[in-house]
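**Q** here's a sequence, model it:
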Amino acid sequence: MEWTIHLGFIGLFLGCFLAATIIPLSSEAILSAFLLLKFDSLTCLFVASLGNWFGGITTYYLGWIAQKKIKSSLSKTTNSRSLKIVNRCGMYSAFFCWLPFIGDAIAFLLGYVKAKAFPVFLLMLSGKFFRYLLLIYFYKNL
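**A** Down below sits the predicted model:
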């Protein structure tokens, strides 16, 4: 994680981007380190949100590509189970793509079932932004 700090805001963006993909990183820890080092919190909010959002979009498209590549090898029951999960929660589950461990799976699954990209991306950005906003708020008020 030290490399992110040496790169400044580019490092924050890259760290948060990678944390939103299948690479096991904690974007909250990366953002917290930047806040502890007195980087501008508003800039951190926007950079971290955008980096994590682009990582989520990447994971969505990985699911979309996977569906095309492995569709023939999956049974129809497997495809219908995936559709049931997303249909039950709908595209609103994209708001929770920030959750640890399951957030990446949500983004991947939404791409896999080809949920409408624009609303998914908008909900994803909202969730990621508000998560960082709360983190910064609690950091400032402790």
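
**Q** who touches the helix or strand where Leu135 lies?
**A** Following DSSP states H and E, one finds Leu135 within helix 117-140. Contact partners of helix 117-140, identified using C-beta atoms under 8 Å, 6 or more residues apart in numbering, comprise 20, 28, 31-32, 35, 41, 44-45, 48-49, 52-53, 56-57, 60, 91-92, 94-98, 107, 110. Yep, even glycine has a C-beta here, placed from its N, CA and C like the rest.

**Q** for this protein, which spans come out with low pLDDT?
**A** Scanning the chain with the threshold set as pLDDT under 70 gives 1, 71-87.

**Q** how far out from the middle of the chain is the lengthiest helix in it?
**A** Scanning the chain for the helix with the most residues, using DSSP state H, yields helix 41-70. The chain centroid and the centroid of helix 41-70 are separated by 5 Å under C-alpha atoms, centre = their mean, to the nearest Å.

**Q** and stretch 89-103, by the same measure?
**A** Its chain's average C-alpha position is 8 Å from that of stretch 89-103, according to C-alpha atoms, centre = their mean.

**Q** in it, what's buried?
**A** Met91, Ser93, Ala94, Phe95, Phe96, Cys97, Trp98, Gly103 (16 or more other C-beta atoms under 10 Å).

**Q** what is the end-to-end distance of it?
**A** Criterion C-alpha to C-alpha, to the nearest Å; first-to-last residue distance in stretch 89-103 is 14 Å.

**Q** same check on stretch 32-40?
**A** End-to-end distance (C-alpha to C-alpha), stretch 32-40: 12 Å.

**Q** quick one: residues in contact with that stretch.
**A** Met1, Thr4, Ile5, Gly8, Phe9, Leu12, Ser41, Cys44, Ala48, Leu135, Ile136, Tyr139.

**Q** the last one: neighbouring residues, count only.
**A** Which is Tyr139. Using other C-beta atoms under 10 Å, Tyr139 has 14 other residues around it.

**Q** dump the C-alpha coordinates for stretch 3-18 into CSV.
**A** The C-alpha trace of stretch 3-18 is given here as CSV (Å, rounded to 0.1, in the frame of the first residue of the first chain):
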residue,chain,number,x,y,z
TRP,A,3,3.3,2.6,-3.3
THR,A,4,-0.1,4.4,-3.5
ILE,A,5,1.1,7.2,-1.2
HIS,A,6,4.3,7.7,-3.2
LEU,A,7,2.2,8.2,-6.3
GLY,A,8,-0.1,10.7,-4.6
PHE,A,9,-3.6,11.0,-6.0
ILE,A,10,-2.8,8.8,-8.9
GLY,A,11,-1.8,6.1,-6.4
LEU,A,12,-5.1,6.7,-4.5
PHE,A,13,-7.0,6.3,-7.8
LEU,A,14,-5.1,3.1,-8.8
GLY,A,15,-5.4,1.6,-5.3
CYS,A,16,-9.1,2.2,-5.2
PHE,A,17,-9.5,0.9,-8.8
LEU,A,18,-7.7,-2.3,-8.0
